[in-house]
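Colleague: following is a predicted model, sequence given first.
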Amino acid sequence: MASKKNNVPVKARICIVEISSLKPHERTDSSRVKALKDEIWLDGVLKKPIVVDEKTNVIIDGHHRAEALRLLGCTRIPVCYVDYMCDKIGLKSTAKDRVKITKDEVIESALRNSPFNPKSTWHYLHFKKCIKHISCIEKRVDMHLDSLK
């Protein structure tokens with residue numbers, strides 16, 4: 001059921017989970033991880049949760065945040081669980097070497113521990129008159145790093 005307050009077309013719930021339980025479908029870029037790790041460390045908080053499929057624990061959005069937290073010694077992370085296979089969530093491939101990546105391939109790559117290159121996918125939500133990056137459902141949580149260790 002979609003939230004009427006913010007017009008987001010998918011149901012989402014926020015939970016704190018063990019980082020080790022999550023399955024990435026993309027590798028990370030080390031320079032991006034370092035910059036994000038430094039930013040989070042300076043802020044002392046993680047501002048937004050990552051997006052994860054509720055059925056498989058596959059990371060949909062937030063690979064770099066998850067890796068930055070892990071490098072900061074955190075063992076837990078806030079996640080926004082969604083039903084990834086819902087028709088309101090779309091996917092575009094940004095991989096230079098692939099024409100198209102499907103949702104099934106995203107899940108399969110994570111479950112086989114054979115992730116795509118960094119930033120190979122772009123997930124979005126279908127709204128009535130537009131699409132928006134899936135990160136639009138990531139409400140601020142401002143979790144202090146100490147609470148995630």
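Modeller: That came through, no problem.
Colleague: what pairs with the host helix or strand of residue 17, and is each one parallel or antiparallel?
Modeller: Using DSSP states H and E, residue 17 sits within strand 13-18. Strand 13-18 has the following strand partners under DSSP bridges: strand 76-82 (antiparallel).
Colleague: next helix or strand past the strand it pairs with?
Modeller: strand 89-93.
Colleague: that next one - contacts with which helices or strands?
Modeller: Applying 3 or more Cβ pairs under 8 Å, 6 or more residues apart in numbering; DSSP states H and E, one finds that strand 89-93 contacts helix 103-111, strand 121-126. For every residue, glycine as well, the C-beta is placed using N, CA and C.
Colleague: which residues touch the longest one?
Modeller: Going back to what we said before, that points to helix 103-111. Identification of contacts with helix 103-111 by Cβ atoms under 8 Å, 6 or more residues apart in numbering yields 23-25, 53, 56, 58-60, 84-85, 89, 91, 115-116, 121.
Colleague: what is the nearest of those to residue 144?
Modeller: Set against residue 144, the nearest of the contacts of helix 103-111 by Cβ to Cβ is residue 59 (21.9 Å).
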